[in-house]
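Q: model this:
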Amino acid sequence: AANRHLITREDPRYPPRLREIPNPPPVLFALGDPEVLSLPQIAIVGSRSPTPQGAEHAFGFGRSLAARGLTVTSGLALGVDGQAHRGALAAGGLTVAVCGTGLDRVYPAAHRDLAHAIAEEGVLLSEWPPGTPPKAEHFPRRNRIISGLSLGVLVVEAATESGSLITARDAMEQNREVFAIPGSIHNVLARGCHRLIREGATLVETAED
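A: Numbering: from 1, shown residues only. Presented below is the predicted three-dimensional model:
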């Protein structure tokens, strides 16, 4: 179909920032507009089970950053990822969802309508061919793509063992900027962000930051 694309590293549509990382995918499967992949992107990641405030932050930052012309990139997961995508769409902006499955399978299934909306207004992306089911080992691997596409990564809420911290570490190794939103010292989902800030991530309170 016209909106389905197979992009090799030799293809001029291959995202230039992703080409720079140590282990870029040899091939990308895309559903939507592949030209979006070369636009300036900001990744927004965080907990799959955020607090109500964390979910609000993810939506608000996604909307504000998309309204300022940045493409919002995330992983289509429940929680922060989904809210960031929705925020970008609400602003009439562009968003990229990097999937851990083949693009003929939406995971989680609850995000089927969201995935269709992203394909209409941005692009769904995967290094896995059609038919690939969700596997635990795929999701840490896709995180390097989320950070690799982006100018920087914003972590909204994350526990100390969160997969979002893997994305942040990938970003640091790829010489991308890392941003983190602080929270209450009593909120376990703020501890990962606080660790990142102690390690040098930029503390963020507003989209202007």
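Q: quick one: neighbours of Gly200, just the number.
A: As a burial measure, Gly200 scores 8 neighbours (other CB atoms under 10 Å). C-beta: built from backbone N, CA, C; applies to glycine.
Q: give me the distance between it and Ala180.
A: Applying CB to CB, to the nearest Å, the value for Gly200 to Ala180 is 10 Å.
Q: before we move on, what about Asp33?
A: Separation of Asp33 from Ala180 (CB to CB): 30 Å.
Q: out of these two, which sits in the busier spot?
A: Here Asp33 and Ala180 are compared on neighbour count by other CB under 10 Å; more neighbours surround Ala180, at 28 against 18.
Q: distance of that one from Glu127?
A: In this view, Ala180 and Glu127 are 27 Å apart by CB to CB.
Q: one more: Thr202?
A: Note on Thr202: its distance to Glu127, by CB to CB, is 29 Å.
Q: what's the answer for Ala158, then?
A: The separation that Ala158 has from Glu127, given CB to CB, amounts to 24 Å.
Q: again with Gly93
A: Taking CB to CB as the criterion, Gly93 is separated from Glu127 by 24 Å.
Q: next one, pLDDT for the residue of the chain most remote from its centre please.
A: Among the C-alpha atoms of the chain, the one most distant from their mean position (CA atoms, centre = their mean) is that of His186, at 26.5 Å. As predicted, His186 sits at a pLDDT of 94.
Q: same question, Gly46
A: Looking at Gly46, its pLDDT reads 97.
Q: count the neighbours of it for me.
A: In terms of burial, Gly46 registers 32 neighbours under the definition other CB under 10 Å.
Q: hmm, it is touching Ala159, no?
A: No - contact status for Gly46 versus Ala159: not in contact, 9.9 Å apart, counting by CB atoms under 8 Å.
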